[in-house]
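1. Sequence below, structure please.
(2 chains)
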Amino acid sequence: MSDMPLIRLTEVTKTYHLESGDFTALDHVSLDIAENEFVAIMGPSGSGKSTMMNQLGILDVPTSGELYIAGENVAKMSSLERTHMRRDIIGYVFQKFYLIPLLSAYENVEYPLILKYKKRDTTGRAADYLRAVGIDPDMGAHRPNQLSGGQQQRVAIARALVNDPKILLCDEPTGNLDSKTGLQIMEILCDLHRKGKTVIIVTHDPHIGEYAQRTIRLADGRVVAS
Amino acid sequence: MRDIFFDLSVRSVRLNFLRSLLASIGIVIGVVAISSMGMLGTNMQLSVKDQLSANVNTVMLTSDVVKMSTGLGAAPSSNTIDTSTLNDIKGSAGQNDVVTIHHTSTQFSVGDQNGRGSIYGLDPSDVPKFLTIAEGSNIRGSDALVGATIASNFNLVPGSTIKIGQNCATISRPVVRVAGILAARGIAADGVNVDNGIVVDDTWYTDHFGELDQYDQVNVIVQDVDTINQTEAAINAKVNRNSDVVRISDASSRLSTITSTLGTITTFIMAIGGISLVVAAVSIFNVMMMSVKERVQEIGILLSIGTEKGEVRRMFLYEALILGLIGAVVGGIMSFVIGYSVVNAMIGTTQYFFQPASLIYIPYGMVIGVVVCVASGMYPAWAASNMDPIDALRSE
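-> Numbers count the residues shown, from 1 in each chain, chains lettered A, B, ... in the order given. The predicted structure follows:
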């Protein structure tokens, strides 16, 4: 397994069974993503970007083919093992931020630590990550609805990073932000890549795609350029 | 530091405070219904037990032999024990006191007021053995002792007179003079319920009601309560040797029958109270399902970033637990207040209210309330934890 990349998809197909008939969102996709790559997954609507994101985020399993993440065959993992992999190896940044509305900014960042260590954080790590993404610790007590979009996305990035994941999955991370804030968020992601993180961005914005070292283009569920 | 899932549940309850409060009120009502009814039933049992325990050393003997009665206003027939049987009873009762009792129901008049009650004919020397004269003195000749209820209702005092028998213009009625007032007995385990009765000399009784040498009831007052079973057995062996001549019972068997009946009634009324908890359970279920539906996207976030299904379940069960605890605590306090009032109003005394057997119904009710609440939250919690995170995230 020493030659296994961080992510490997081998003939991965995802088919949804709809009333109108079967719909293949990913069609025999094979690709490797190595550690510390900065990858942009691009394509038009309906090309399979979100399905690909769900596969890479282990929110779903392939209908056929094999998906390896950190050397583990995802299809052979139990539901609990997949949950732990999402918690420990993958950090998510969503377009709509998806912070937990009942928790403060600080608690949102602390939350993954609690999931992992089963206790509240006393190390100050959550506060460190908040500072690292440019959120003043005084803002930590604010609820998500009291923060601007850019601040919420920074908190979401801090939450994604706090368990030191190997992969940072970003689904249209600047889609709900103005261009200036979007650039700031991209700067943070580039900085994380420089520090050794594997960053995967799903976007349809070519300007955002330019930040990536490598672009994977999807069309009709197939990889057309990689 | 508190569990973050507990914190999330507390905040969710706070966020939907009114809805949560209304759901908890259902639990409050259920807890109050169960606890109050349980306490009422137990207080009734304790009260009856206390009253019956006073005569626990008495064996009651009655006969099934039917005799016609010809006395004043007497019932047309009665079950009596004859002298021969009485002698058998005395022979087998050993050193214990044997009390013969004549008894019927009669009308009477006090001044212009007419009434109806029991009249007992007793040997005056037997009166102090089981009755307490609260005021006045024992009977002699045409004297009478009156029960506490009659004395109170007819304003009788020692020296008052009572005409016995049906009020009839053509027949003069015998008159008795009240010699004393008896202390209240309540429900008497020895079958002599004199609170609404008149006690006269047995000679006076047989002169006016007949039944000479025929006794409605014979009580054996045992000196040592531990020998009551042997005494009963000895009487049974002698008197009922050929056929069942007398029916033998004692206070403990009556006590167990009455307490068992009251226990059944208590369980029944608690079950009726429990119906309100079923309604509360439906309300909690509804509130929990609404909470799950409203938080679908939040559940999706939790699941997608690595929250275990069990942790999501726990969060919703905590929410149900909080609703249950609020309902149970408020219900427990209200049960105490309402239970006290109900017991006081229904039984007339709260002397048994603070006994553990009575108060235990408050924690019982509270625990049942919490359990019902958590049980109602199980399905919503399960539904939340088994959501597909992708679908949950997509929901708005």
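
2. can you pull the contacts of the residue of chain A found nearest chain B?
-> Going by Cβ to the nearest Cβ, chain B is nearest to residue A:87 of chain A, at 2.5 Å. Where C-beta positions appear, they are placed from N, C-alpha and C, glycine not excepted. Taking Cβ atoms under 8 Å, 6 or more residues apart in numbering or on different chains, we find residue A:87 in contact with A:112, A:115-116, A:163, B:305-307.

3. Next: residue A:182.
-> Contacts of residue A:182 (Cβ under 8 Å, 6+ apart): A:174, A:208.

4. would you say it is within a helix?
-> Yes. The assignment for residue A:182 (DSSP: H, G, I helix; E, B strand; the rest coil) places it in a helix.

5. buried residues in stretch B:363-376?
-> B:364-366, B:368-370, B:372-374, B:376 (16 or more other Cβ atoms under 10 Å in any protein chain shown).

6. okay if I get those as TSV plus distance to residue A:140 and secondary structure?
-> TSV is the format used below for the buried residues of stretch B:363-376 (distance: Cβ to Cβ, whole Å; DSSP: H, G, I helix; E, B strand; the rest coil):
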residue	distance to residue A:140	secondary structure
B:364	45	helix
B:365	43	helix
B:366	39	helix
B:368	42	helix
B:369	38	helix
B:370	35	helix
B:372	39	helix
B:373	34	helix
B:374	33	helix
B:376	36	helix
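
7. What pairs with the helix or strand hosting residue B:119, parallel or antiparallel?
-> Element membership of residue B:119, judged by DSSP states H and E, is strand B:113-122. Strand B:113-122 has its sheet partners listed here by DSSP bridges as strand B:97-110 (antiparallel), strand B:197-201 (parallel).

8. Just give me how far that strand sits from the chain centre.
-> 27 Å (Cα atoms, centre = their mean, to the nearest Å).

9. circling back to that earlier point, could you save the strands paired with strand B:113-122 as CSV and add columns showing mean pLDDT and mean neighbour count?
-> Shown next, in CSV, are the strands paired with strand B:113-122 (pLDDT from 0 to 100; neighbours: other Cβ atoms under 10 Å in any protein chain shown):
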stretch, mean pLDDT, mean neighbour count
strand B:97-110, 92, 20
strand B:197-201, 94, 25
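
10. Could you save those as JSON lines and add columns showing distance to residue A:195?
-> Below are the strands paired with strand B:113-122 laid out as JSON lines (distance: least, Cβ to Cβ, whole Å):
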{"stretch": "strand B:97-110", "distance to residue A:195": "103"}
{"stretch": "strand B:197-201", "distance to residue A:195": "100"}
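
11. What parts of the stretch 201-350 of chain B come near chain A?
-> B:297-298, B:300-309, B:311 (Cβ under 8 Å from any Cβ of the partner chain).

12. Show me which residues of chain A sit near chain B.
-> So chain A meets chain B at A:54, A:57, A:59-60, A:79-80, A:83-84, A:86-88, A:92, A:94, A:98-103, A:107, A:110-112, A:114-116, A:119-120, A:159 (Cβ under 8 Å from any Cβ).

13. run the last query once more with 7 Å
-> A:54, A:59-60, A:80, A:83-84, A:86-87, A:92, A:98, A:100-102, A:111-112, A:114-115, A:120 (Cβ under 7 Å from any Cβ of the partner chain).

14. before we move on, back to that, who touches the strand holding residue B:119?
-> B:101-108, B:150, B:154, B:164, B:167, B:192-194, B:196-200, B:202, B:205-206 (Cβ atoms under 7 Å, 6 or more residues apart in numbering or on different chains).

15. and the residue lying closest to residue B:234 once chain neighbours are set aside, what pLDDT?
-> Distances taken as Cβ to Cβ, 6 or more residues apart in numbering or on different chains put residue B:92 closest to residue B:234, at 4.3 Å, once the chain neighbours are dropped. We have a pLDDT of 88 for residue B:92.

16. Just the residues of chain A next to chain B: which are in helices?
-> A:54, A:80, A:83-84, A:86-87, A:111-112, A:114-115 (DSSP state H).

17. Compare those residues and tell me which is most surrounded.
-> Neighbour counts for those (other Cβ atoms under 10 Å in any protein chain shown) peak at residue A:112, which has 28 neighbours.

18. check contacts around that one.
-> Residue A:112 neighbours (Cβ under 7 Å, 6+ apart): A:87, A:159, A:162-163, B:305-306.

19. Please spell out which residues along stretch B:88-99 are buried.
-> So stretch B:88-99, judged by 16+ other Cβ under 10 Å, has buried residues B:88-89, B:92-93, B:96-99.

20. between those, which is nearest residue A:71?
-> residue B:96 (93.6 Å; Cβ to Cβ).

21. Skip the chain neighbours and tell me the closest residue to the closest one.
-> residue B:222 (4.8 Å).

22. same deal with residue B:266?
-> Closest to residue B:266 by Cβ to Cβ, 6+ apart is residue B:41, at 2.6 Å.

23. wait, isn't that neighbour in contact with residue B:272?
-> No. Counting by Cβ atoms under 7 Å, residue B:41 stays clear of residue B:272, with 11.5 Å between them.

24. between those two, who's got more neighbours?
-> Neighbours were counted for residue B:41 and for residue B:272 using other Cβ under 10 Å; residue B:41 has more, 22 against 12.

25. And the next helix or strand past the helix or strand harbouring that one?
-> Assessed by DSSP H and E, residue B:41 sits inside helix B:17-53. Per DSSP H and E, the first helix or strand lying C-terminal to helix B:17-53 is strand B:58-63.

26. Which residue would you name as the spatial centre of the chain?
-> By default, I'm working from chain A. residue A:169 (1.7 Å; Cα atoms, centre = their mean).

27. ah, no, chain B please
-> So for chain B, Cα atoms, centre = their mean, it's residue B:44, sitting 2.8 Å from the centre.

28. OK, contacts around the nearest residue to that one once chain neighbours are set aside?
-> Sequence neighbours aside, residue B:262 is the residue nearest to residue B:44 in space, at 5.5 Å (criterion: Cβ to Cβ, 6+ apart). By Cβ under 7 Å, 6+ apart, the contact set of residue B:262 is B:41, B:44-45, B:48.

29. re earlier: out of the buried residues of stretch B:88-99, which is nearest to residue A:196?
-> Closest to residue A:196, out of all of these and judged by Cβ to Cβ, is residue B:96, at 100.6 Å.

30. what's the pLDDT at that closest one?
-> On the pLDDT scale, residue B:96 gets 90.

31. What's the separation between it and residue B:191?
-> 17 Å (Cβ to Cβ, to the nearest Å).

32. ok so, going back, from the buried residues of stretch B:88-99, pick the one nearest chain A.
-> Nearest to chain A among the buried residues of stretch B:88-99, with distances taken as Cβ to the nearest Cβ, is residue B:96, at 73.4 Å.

33. Which stretches in chain A count as helices?
-> A:49-56, A:79-88, A:105-117, A:125-132, A:149-161, A:179-194, A:206-209.

34. ranking these by burial, who's on top?
-> Stretch with highest mean neighbour count among these: helix A:149-161 (a mean of 25; mean count of other Cβ atoms under 10 Å in any protein chain shown).
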